[in-house]
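>>> this one's sequence-less:
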């Protein structure tokens, strides 16, 4: 399939040496550049990503949002020096190999074919490997999307990290969250700006290694507080 769009992928990664090459290698060739942002990794994440062909950046500040913003800063700087490198679509994808990178083509199709602004890869139960999402993740996703439906009449069913958005729309969101609130902030701002969006069902498997968020009590609580904080902040505006 020939896709006449310039696509760049941003992959935040913290100590994902065992999975990152798999993720990079499984991304379709239609992508123009794969950017792995090492979020203060202390293992061989950076070396393995580079060997697989990714552009590797370093972000010393720990936090999912910090890593995503670093990737965006890099794209903005390269675009400034060479406008021909400006992407049409940005795809965000985790580095733990829980998603199926080859489904990127399905994720971007609503943008390419129907001019949709934003697409979420929804980790539906029927396509999830047993144990791939912890009970607290399942509950947290349900609660967050329920509240978004209640306050904003949203039709989201997931806060999945595998997502695609038009580059100009992403810039207009003026993203700011540095940690666990990144995904929900993006969805709330998409709603506020009345952008078009859809969900695409995606497969989801058990990640390689231990989750830095749902795998710890501290991470789970912090992520929950951040997500709910963003939702209630926007519900009061």
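Received, thanks. Treat the numbers as computed from the prediction; the structure is a model and nothing was measured.

>>> what about the helices in this protein?
For the chain, the helices defined by DSSP state H cover 20-26, 45-51, 64-81, 104-114, 135-152, 167-173, 182-192, 217-235.

>>> turn the ones you listed into CSV, columns for mean pLDDT and mean neighbour count.
Heads up, the C-betas are built off the backbone N, CA and C, glycines and all. Shown next, in CSV, are those (pLDDT from 0 to 100; neighbours: other Cβ atoms under 10 Å):
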stretch, mean pLDDT, mean neighbour count
helix 20-26, 98, 21
helix 45-51, 98, 20
helix 64-81, 96, 18
helix 104-114, 97, 18
helix 135-152, 89, 16
helix 167-173, 98, 17
helix 182-192, 95, 23
helix 217-235, 69, 16
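
>>> tell me which of those helices approaches residue 199 most closely.
Closest to residue 199 of the helices of the chain is helix 104-114 (Cβ to Cβ; 9.3 Å).

>>> what comes into contact with that closest one?
With Cβ atoms under 8 Å, 6 or more residues apart in numbering as the test, helix 104-114 has contacts from 1, 3, 5, 7, 9, 27-28, 30-31, 89, 91, 93, 116-117, 119, 121, 162-166, 198, 200, 202.

>>> pretty sure residue 101 contacts residue 29?
No - if you go by Cβ atoms under 8 Å, residue 101 and residue 29 don't touch, sitting 11.6 Å apart.

>>> give me the more crowded residue out of the two.
Neighbour comparison, residue 101 and residue 29: the larger count goes to residue 101, with 23 against 5 (by other Cβ atoms under 10 Å).

>>> need the per-residue pLDDT for residue 209.
What the model reports as pLDDT for residue 209 is 74.

>>> what's around it, how many residues?
Neighbour number of residue 209 under other Cβ under 10 Å is 17.

>>> turn the helices of the chain into JSON lines, columns for distance to residue 125.
Formatted as JSON lines, the helices of the chain follow (distance: least, Cβ to Cβ, whole Å):
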{"stretch": "helix 20-26", "distance to residue 125": "23"}
{"stretch": "helix 45-51", "distance to residue 125": "30"}
{"stretch": "helix 64-81", "distance to residue 125": "24"}
{"stretch": "helix 104-114", "distance to residue 125": "18"}
{"stretch": "helix 135-152", "distance to residue 125": "8"}
{"stretch": "helix 167-173", "distance to residue 125": "29"}
{"stretch": "helix 182-192", "distance to residue 125": "19"}
{"stretch": "helix 217-235", "distance to residue 125": "20"}
